[in-house]
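Student: here is my input, please return the structure:
(chains A, B, C and D)
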Protein chains: 2
Amino acid sequence: MGNNRVTLADVARRAGLSKTAVSLVLNGREGTRLSAEAHQRVFAAAEELGYRPNIAARSLRTRKTATIAFVSDVVATTRFAGGLIRGALDAARERNHVLLIAETQGDTSFEQHAIDAMIDRQVDGVIYAAMATRRLTVPPALLANPVVLLNATSPDGLPCVLPDDEQAGHTAARTLLDHGHRDRIAVVGRNRLKEHDPEVSLAADARMRGIQRALSEAGTSLGHEVFCRDWLPEYGFSAMRSLLHRSPRPTAVICMNDRLAFGVYQALADAGLGVPGDVSVISFDDDPIAAWLRPALSTVAIPHEPMGRRAVELLLDGNTAGRRLVPMSLRRRSSVAPPA
Amino acid sequence: MGNNRVTLADVARRAGLSKTAVSLVLNGREGTRLSAEAHQRVFAAAEELGYRPNIAARSLRTRKTATIAFVSDVVATTRFAGGLIRGALDAARERNHVLLIAETQGDTSFEQHAIDAMIDRQVDGVIYAAMATRRLTVPPALLANPVVLLNATSPDGLPCVLPDDEQAGHTAARTLLDHGHRDRIAVVGRNRLKEHDPEVSLAADARMRGIQRALSEAGTSLGHEVFCRDWLPEYGFSAMRSLLHRSPRPTAVICMNDRLAFGVYQALADAGLGVPGDVSVISFDDDPIAAWLRPALSTVAIPHEPMGRRAVELLLDGNTAGRRLVPMSLRRRSSVAPPA
DNA sequence: TGCTCTTGCTAAATCAGTTTAGCGGCTTGT
DNA sequence: ACAAGCCGCTAAACTGATTTAGCAAGAGCA
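Tutor: You can find the predicted model right below:
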């Protein structure tokens, strides 16, 4: 196993120099007065022996592990997480860092355990991620070292990365307005809890603000709105059913996420109505399902990868406190058309 | 930061004992002749100071890091990965280990980089995971330390964890037979490449074998089959369309995965046919979408969490070589009924 | 009394790096 | 001619744990 790994001492012996010299050369230290010839000998020896530094040993002295902890409530294993981790992974790789991941599953003792485990391993910093965009309080144990919140804010004013949901709401509404929809635009998925409790969601309120701003800028306002207990297909389904009983019928529906939109599609199909011929649909998230629906669903994507990437950059490069909003962009597909 | 972390020496000083004594006590070593009183003093001191061992320092000596590398082609960020990582994370936590993750994205240089990065950090072992169940060759650099393949096999005969797709195929077909379907069962999603090239897929062939075994045990055989270029909704859609032109029309369809089944649902809805009234549908994977469809789709689930868990157990406990098949179980929902 | 054994504990080596302090030899300035 | 400074390099300390080797005091035995 590692018993015969090549060490710095081996390289030094081979190069006929001291460990010090080898360390200085391999770390590319400026201002050492080692000769060009010594540099050559070190590089050659390291190359020939296939030397790789032992990071545990190094970090013992330097207190840098080139390792970042990615701690999340439950995000690490949801579809949602994919892009977040991918982006973080990419940015970490570019900076020669690796990611240690842990999931708290919302359990305080798991969380404590996870954080301890990470800190014991001397991570250089922690990315604390939430599945739903929301406000949270970070465990005090974390505050001792660099932290960046991902998809969350905290009262401590820690640096954080969030999607720009208000702009997304504006984009969604603006898109419908641009297609000629006006007074008969409905929203599916309003939810008092999500909109009023920042510890539950920040997205719901921000998206609504964006939608309402776009409408009032256009001199109009929301035609209908339906509240939903949760943002799941079944609630979208019944919400759309209830909308179809109202008159005038909406010409377009903004769904608070793609799963609701899926339910809305089902209800429209059951009623024999076509998208976008009879009703246009637009939504948020860009869940994989959005591209699979027929017609494909136009939706304002959560920028998972850029967010993950941004969090790592913020952590590693100077991270001034405060929030960073990452823009959300429209995936134009086929579910929006002018009203009949 | 870490400059004032409590060290073993601090605890020793406080307890009025040597570092050796403290180390022995805290590690619960048997056969030391330290007095009960010394034990008390050590525990008290450690507790009072909030001592936590520095794992980098420890691993320098012991060559154990309590860290596992989870290297995958692309699995880490797909929906697919969720359960795999979750299971691995759970099992790792139970054993006081953590997971270092990396993604190669199928790029050889990324892969080399990732593997080096993990080995430099002295991981105790590597889980090498694939997104699609398939055969692959593991990079030679890995062979120097413990490896378990997850969702993959290799010619090296390394220990590996795979879903039992043949049994899954048998279960799917058996379920339809039990409901009274017999000669008019169709398969959607046959694919020569997937079935014949183990480096592309092992699942396709295994599922087909299971299906055919169940049918021949019942003295019947496949009514129809449609080949698909890929297992995506659009191909399921056109496959089902073509099936509807044949006569006799199938009474039930086995889809090779849930995304195909989604397309099949769309085609049936377009044709005004009901599931399961006119056609029963059963599938594989248990993608989240399966539960969202109306009627909810019965499908044989890939046991992601147990697989991830199993991989960690295999790696940490004695891992005798050879393959472990993890059973796949049926999620009974509403898409299967007796033929009309 | 002298010898060995056990008991309870510790000094020092070790892991693989980084960093500090400084050593000879040569050049330069006065 | 002599001090000062530079050049090229190294010995040794240090990081925080584990582990080996062994010491001193007391007990047991002849």
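Student: rest of the way, CA atoms for contacts and neighbours
Tutor: Noted.
Student: let's see stretch A:235-254 as PDB, backbone CA atoms only.
Tutor: Extracted in PDB, the C-alpha atoms of stretch A:235-254 (Å, rounded to 0.1, in the frame of the first residue of the first chain):
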ATOM      1  CA  TYR A 235     -51.900  20.200  -6.300                       C
ATOM      2  CA  GLY A 236     -51.200  21.700  -9.700                       C
ATOM      3  CA  PHE A 237     -53.800  19.400 -11.200                       C
ATOM      4  CA  SER A 238     -56.500  20.400  -8.800                       C
ATOM      5  CA  ALA A 239     -55.600  24.100  -9.000                       C
ATOM      6  CA  MET A 240     -56.000  24.000 -12.800                       C
ATOM      7  CA  ARG A 241     -59.200  22.200 -12.500                       C
ATOM      8  CA  SER A 242     -60.600  24.900 -10.300                       C
ATOM      9  CA  LEU A 243     -59.300  27.600 -12.700                       C
ATOM     10  CA  LEU A 244     -61.200  26.000 -15.500                       C
ATOM     11  CA  HIS A 245     -64.500  26.600 -13.700                       C
ATOM     12  CA  ARG A 246     -63.900  30.300 -13.500                       C
ATOM     13  CA  SER A 247     -64.800  32.800 -16.100                       C
ATOM     14  CA  PRO A 248     -63.300  34.400 -17.900                       C
ATOM     15  CA  ARG A 249     -60.900  31.400 -18.300                       C
ATOM     16  CA  PRO A 250     -57.200  32.400 -18.000                       C
ATOM     17  CA  THR A 251     -55.300  32.600 -21.200                       C
ATOM     18  CA  ALA A 252     -52.000  31.900 -19.500                       C
ATOM     19  CA  VAL A 253     -50.800  30.300 -16.300                       C
ATOM     20  CA  ILE A 254     -47.600  31.000 -14.300                       C
END
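Student: give me the contacts around that stretch.
Tutor: With contact meaning C-alpha atoms under 8 Å, 6 or more residues apart in numbering or on different chains, stretch A:235-254 is reached by A:172-173, A:176, A:181, A:184-189, A:223-224, A:226-229, A:255, A:259-268, A:278-283, A:336, A:339-340.
Student: near chain B too, which of those?
Tutor: Restricting the contacts of stretch A:235-254 to those touching chain B (C-alpha under 8 Å from any C-alpha of the partner chain) yields A:Q266.
Student: the contacts of stretch A:235-254 in strands, which ones?
Tutor: Here DSSP state E is the test, and the contacts of stretch A:235-254 give A:185-189, A:224, A:226-227, A:255, A:280-283 as lying in strands.
Student: filter the residues you listed down to the buried ones.
Tutor: Among those, those scoring as buried are A:I185, A:A186, A:V187, A:V188, A:G189, A:H224, A:V226, A:C255, A:S280, A:V281, A:I282, A:S283 (criterion: 16 or more other C-alpha atoms under 10 Å in any protein chain shown).
Student: looks like the third one contacts A:Q212 (just checking).
Tutor: No: with contacts defined as C-alpha atoms under 8 Å, A:V187 does not count as touching A:Q212, sitting 10.5 Å away.
Student: and the residue of the stretch 201-340 of chain A closest to DNA strand D?
Tutor: A:L316 (22.3 Å; C-alpha to the nearest atom of the strand).
Student: nearest residue to A:S18 in space, please, no chain neighbours.
Tutor: In space, and not counting its chain neighbours, A:S18 is closest to A:A12: 5.4 Å by C-alpha to C-alpha, 6 or more residues apart in numbering or on different chains.
Student: hmm, back to that, need the residues touching each of A:V187 and A:Q212.
Tutor: By C-alpha under 8 Å, 6+ apart, the residues touching both A:V187 and A:Q212 are A:L222.
Student: okay, the ones in strands among the contacts of stretch A:235-254 in JSON lines with pLDDT next?
Tutor: Listed next are the ones in strands among the contacts of stretch A:235-254 as JSON lines, based on pLDDT from 0 to 100:
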{"residue": "A:I185", "pLDDT": "98"}
{"residue": "A:A186", "pLDDT": "98"}
{"residue": "A:V187", "pLDDT": "98"}
{"residue": "A:V188", "pLDDT": "98"}
{"residue": "A:G189", "pLDDT": "98"}
{"residue": "A:H224", "pLDDT": "95"}
{"residue": "A:V226", "pLDDT": "98"}
{"residue": "A:F227", "pLDDT": "98"}
{"residue": "A:C255", "pLDDT": "98"}
{"residue": "A:S280", "pLDDT": "98"}
{"residue": "A:V281", "pLDDT": "98"}
{"residue": "A:I282", "pLDDT": "98"}
{"residue": "A:S283", "pLDDT": "98"}
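Student: quick one on the thing from earlier: who's in contact with the residue of the stretch 201-340 of chain A closest to DNA strand D?
Tutor: Neighbouring residues of A:L316 by C-alpha under 8 Å, 6+ apart: A:G125.
Student: go through the buried ones among the ones in strands among the contacts of stretch A:235-254 and name the one nearest B:A44.
Tutor: Using C-alpha to C-alpha, A:G189 comes nearest to B:A44 of these, at 55.0 Å.
Student: quick one, helices of chain A?
Tutor: A:8-15, A:19-26, A:36-49, A:55-62, A:81-94, A:108-120, A:165-178, A:192-196, A:203-217, A:233-244, A:258-270, A:288-292, A:304-316 (DSSP state H).
Student: if we can go back for a sec, quick check: pLDDT value at the residue nearest to A:S18.
Tutor: pLDDT recorded at A:A12 is 96.
Student: distance of it relative to A:E103?
Tutor: 43 Å (C-alpha to C-alpha, to the nearest Å).
Student: of the two, who's got more company?
Tutor: Comparing A:A12 with A:E103 by neighbour count (other C-alpha atoms under 10 Å in any protein chain shown), the higher total belongs to A:E103, at 25 against 20.
Student: got the contact list for the more buried one?
Tutor: Counting by C-alpha under 8 Å, 6+ apart, A:E103 has contacts A:V71, A:S72, A:D73, A:V74, A:V75, A:A76, A:F110, A:E111, A:A114, B:L89.
Student: also A:I289?
Tutor: A:I289 neighbours (C-alpha under 8 Å, 6+ apart): A:D258, B:I289.
Student: can you check the one 4 residues further on too?
Tutor: The contact partners of A:L293, taken as C-alpha under 8 Å, 6+ apart, are A:F262.
Student: for the longest strand seen in chain A, give me every contacting residue.
Tutor: Counting by DSSP E, the longest strand found in chain A is strand A:125-135. Strand A:125-135 is contacted by residues A:67-75, A:80-81, A:142, A:145-155, A:162, A:198-203, A:311-312, A:315-316 when judged by C-alpha under 8 Å, 6+ apart.
Student: make a PyMOL selection of the buried ones in those.
Tutor: Of the contacts of strand A:125-135, the buried ones go into a single PyMOL selection, burial set by 16+ other C-alpha under 10 Å:
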select buried, chain A and resi 67+68+69+70+71+72+73+74+75+80+81+142+146+147+148+149+150+151+152+153+154+162+198+199+200+201+202+203+311+312+315+316
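Student: the contacts of strand A:125-135 in strands, which ones?
Tutor: Reading strands off these with DSSP E, I get A:67-72, A:147-153, A:162.
Student: what score does A:G322 have for pLDDT?
Tutor: 81.
Student: for it, which non-adjacent residue is closest in space?
Tutor: Once chain neighbours are set aside, the closest to A:G322 by C-alpha to C-alpha, 6+ apart is A:P159, at 4.7 Å.
Student: wait, that neighbour sits on A:R323?
Tutor: Yes: with contact defined as C-alpha under 8 Å, A:P159 counts as touching A:R323 (5.7 Å).
Student: measure A:A252 to chain B for me?
Tutor: Note on A:A252: its distance to chain B, by C-alpha to the nearest C-alpha, to the nearest Å, is 22 Å.
Student: what two of the ones in strands among the contacts of stretch A:235-254 are the furthest from one another?
Tutor: A:F227 and A:S280 (19.0 Å).
Student: contacting residues around the closest residue to A:V138 other than its chain neighbours?
Tutor: Nearest non-adjacent residue to A:V138, counting by C-alpha to C-alpha, 6+ apart: A:S154, 7.1 Å away. For A:S154, the contact set (C-alpha under 8 Å, 6+ apart) comprises A:R135, A:L136, A:T137, A:V138.
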